[in-house]
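**Q** here is my input, please return the structure:
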Amino acid sequence: MKHFPIFLNVATKRIVLAGGGEAALAKLRLLLKTEAQIEVFAEAPDPQIVTWALENRLTLTTRALTTGDVNGAALFYAASENDAEDARTAAIARAEGTLVNLVDNLADSQFITPAIVDRDPVTVAIGTEGAAPVLARAIKADLEERLPVSLGRLTRIGQAFRKASMKLPFGSARRDFWADFYFNAGPRALADGEDAARASLNTLLTKHLNAETREGHVIFVGAGPGDPELLTLKARAALDRADVVIHDGLVPGEILELARREATLVPVGKTGFGKSTPQDDINAAMIYHAAQGLEVVRLKSGDPAVFGRLDEEIDALTGAGIAFTIIPGLTAASAAVASLGQSLTQRGRNSSARLITAHDTKGYAEQDWRALARPGEVAAIYMGKRAARFVQGRLLMHGADPATPVGIVENASRADERVISTTLAALPDALNAANLNGPAVIMLGLAQRARAVEKRETA
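**A** Numbering: from 1, shown residues only. Okay, here's the model as predicted:
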């Protein structure tokens, strides 16, 4: 992100524009929606600009901009449609300490003006950092259709009631009140006029003040293998509601970004063979926040029910009398076989597939190695990087074919995903050569299907 989006208060501030043609008109139509003091410098201004000046909507000076004209202004637009003249006026503005925008010159601009959906005081700004103006306009058109014109009226009514709403406790109680107003009571009442909408706020406030205090709740949410687009709709909704998000270290930042800005994020990472948050501390954090009456999301990588210590955490909540729900997620094995272009089961090859872990809390996990060694068996081995030689030895000892195909998928579904195709005989050496840093799933019995796939590696 090169351009950080902010909403700048320009009420009573000066905004200066140099130019009088079509580019100037386009910017002025937008700027005149603000409460800023607009000043235009143009030797030959368009008649519309002259009309706006006569209507006292802006101040027009019919000469070229010179030193001192921009001093103290909040923003400056160079819109003369002449590169040399724009560069000259921009240099003056920069020297006088004002942020500069050169129309249609992203490289030399200090800020850009986004496409805007105006439902004052609701404003939606859309930017593509100059890369795709057509896309920005398409998004704007879509939002214009979706957001009713009455939204602005409803928001202004609600804005005047903010102080009164503070009688409700901060957090979920206030959010529930405002959600009830904006999505239920408010639109219905506004159909009878603004006075009816204002009256509905008092009725609604009384209802919410008398409502029973909501008990704390924990939602176990599967974050999936890492791609935010693989989150379920239910998981997205839970993140949007959460007061607190207690998350694993493997959950990427792109998914954490989906939580509400006001939500408290609590990292409780666990690292194989490394520094980890004790399970008792994780249990205590869930119980503490839920006991405050908060909505807590326990965000786990993959699916909470697959090697996620879900039962231990449920037992802790049950012992503390705290309610919980579970939202499943896509487990890494499903994402891994998708990357391999394979399926977990295949008629005539295997009627079952195993999800196993290569180690447990006490060390290497024991499995039914004889069954796993049979031809055609498929297993997804989690947390198996360090145990690869152990797994290989056990399988070969029980008769597995050294040529058994093996697919290794690191960071399944993510932008930095890597796929390595190898065999059981070469498994430890392939892992060492790959020098994997991220979480990896070893798919026993499945190598990558022959096809064109980006980031493909063969060992």
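
**Q** pass me the low-pLDDT residue ranges in the chain, would you?
**A** Flagging of the chain using pLDDT under 70 yields the residue ranges 270-274, 361-363, 451-459.

**Q** which residue ranges form the helices in the stretch 101-250 of the chain?
**A** Using DSSP state H, counting those that start in this stretch, the helices of the stretch 101-250 of the chain run over 133-146, 150-159, 162-165, 172-180, 186-190, 194-209, 233-241.

**Q** ok, and the closest non-adjacent residue to residue 135?
**A** residue 128 (5.7 Å; CB to CB, 6 or more residues apart in numbering). For every residue, glycine as well, the C-beta is placed using N, CA and C.

**Q** touching, that neighbour and residue 136? I think so.
**A** Yes. Residue 128 is within contact range of residue 136, at 5.0 Å (criterion: CB atoms under 8 Å).

**Q** between the two, point out the one with more neighbours.
**A** Set residue 128 next to residue 136 and count neighbours by other CB atoms under 10 Å: residue 136 wins out with 19 against 16.

**Q** next, the contact list for that one, please.
**A** Counting by CB atoms under 8 Å, 6 or more residues apart in numbering, residue 136 touches 114, 115, 126, 127, 128.

**Q** let's go with 7 Å and repeat that
**A** Contacts for residue 136 (CB atoms under 7 Å, 6 or more residues apart in numbering) come out as 115, 126, 127, 128.

**Q** hang on, the earlier thing: which one of the helices of the stretch 101-250 of the chain lies nearest to residue 121?
**A** helix 150-159 (5.4 Å; CB to CB).

**Q** summarise which helices and strands the closest one is packed against.
**A** Packing partners of helix 150-159 (3 or more CB pairs under 7 Å, 6 or more residues apart in numbering; DSSP states H and E): strand 122-126, helix 186-190, helix 194-209.

**Q** let's have these in TSV, adding distance to residue 28 and mean neighbour count.
**A** What follows is the helices and strands packed on helix 150-159, written out as TSV (distance: least, CB to CB, whole Å; neighbours: other CB atoms under 10 Å):
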stretch	distance to residue 28	mean neighbour count
strand 122-126	18	14
helix 186-190	32	18
helix 194-209	31	15
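
**Q** ok so, going back, would CSV of the helices of the stretch 101-250 of the chain with distance to residue 290 be doable?
**A** Below are those laid out as CSV (distance: least, CB to CB, whole Å):
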stretch, distance to residue 290
helix 133-146, 35
helix 150-159, 30
helix 162-165, 25
helix 172-180, 12
helix 186-190, 30
helix 194-209, 21
helix 233-241, 14
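
**Q** quick one, phi psi at residue 409?
**A** Note on residue 409: its backbone torsions stand at phi -120, psi 110 [degrees, to the nearest 10].

**Q** and the residue lying closest to it once chain neighbours are set aside, what helix or strand is that in?
**A** Nearest non-adjacent residue to residue 409, counting by CB to CB, 6+ apart: residue 336, 3.9 Å away. Here residue 336, judged by DSSP states H and E, is contained in helix 332-340.

**Q** and if you look at residue 407?
**A** strand 405-410.

**Q** that strand pairs with which strands, parallel or anti?
**A** Each strand that pairs with strand 405-410, with its direction, by DSSP bridges: strand 418-423 (antiparallel), strand 440-444 (antiparallel).

**Q** pretty sure residue 442 sits against residue 410.
**A** No. If you go by CB atoms under 7 Å, residue 442 and residue 410 don't touch, sitting 10.2 Å apart.
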